[in-house]
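# Only the shape, not the letters, is given here:
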């Protein structure tokens, strides 16, 4: 019988800062999915309120109110670093300005 060779496992490359942030975020989401879903509905409600406000007070800008979040969403979908920056900006806006 031959000797079994030990395969050295390669050390995983250092994940960049964004990946580690998403890893921690996914762990928190897995732990508290109900809180995350409630947060999403809160965001939906805030979006509806802002949309109604723009529609009632500035109807000529309603298409901007629809297009800008969609465009930012597409950009965030294709570039994770921009998504993190936009998310941080949203949190600052949500907690300090609103």
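Nice, thanks for sending it over. These numbers come from a predicted model, not from an experiment. Residues are numbered from 1 along each chain as shown.

# can you give me the helices for the protein?
Taking DSSP state H as the criterion, the chain carries its helices at 17-31, 33-57, 62-78, 80-92.

# Also compute the angle for the first one relative to helix 33-57, please.
Translated: helix 17-31. Here helix 17-31 runs at an angle of 110 degrees relative to helix 33-57 (axes from the mean of the first three to the mean of the last three CA atoms, to 10 degrees).

# residues of helix 17-31 that come out buried?
By neighbour count with 16 or more other CB atoms under 10 Å, helix 17-31 contains no buried residues. Yep, even glycine has a C-beta here, placed from its N, CA and C like the rest.

# starting at the chain centroid, how far to that helix?
Put simply, helix 17-31 sits 11 Å off its chain's centre (CA atoms, centre = their mean, to the nearest Å).

# Give me the helices and strands touching it, please.
Counting contacts by 3 or more CB pairs under 8 Å, 6 or more residues apart in numbering; DSSP states H and E, helix 17-31 packs against helix 80-92.

# In the helix it packs on, which residues are buried?
Residues of helix 80-92 classed as buried by neighbour count (16+ other CB under 10 Å): 83-84.

# Just give the nearest non-adjacent residue to residue 94, would you?
Closest residue in space to residue 94, ignoring its immediate chain neighbours: residue 46 at 7.8 Å, by CB to CB, 6 or more residues apart in numbering.

# So residue 85 versus residue 94, what's the distance?
Taking CB to CB, to the nearest Å as the measure, residue 85 falls 15 Å from residue 94.
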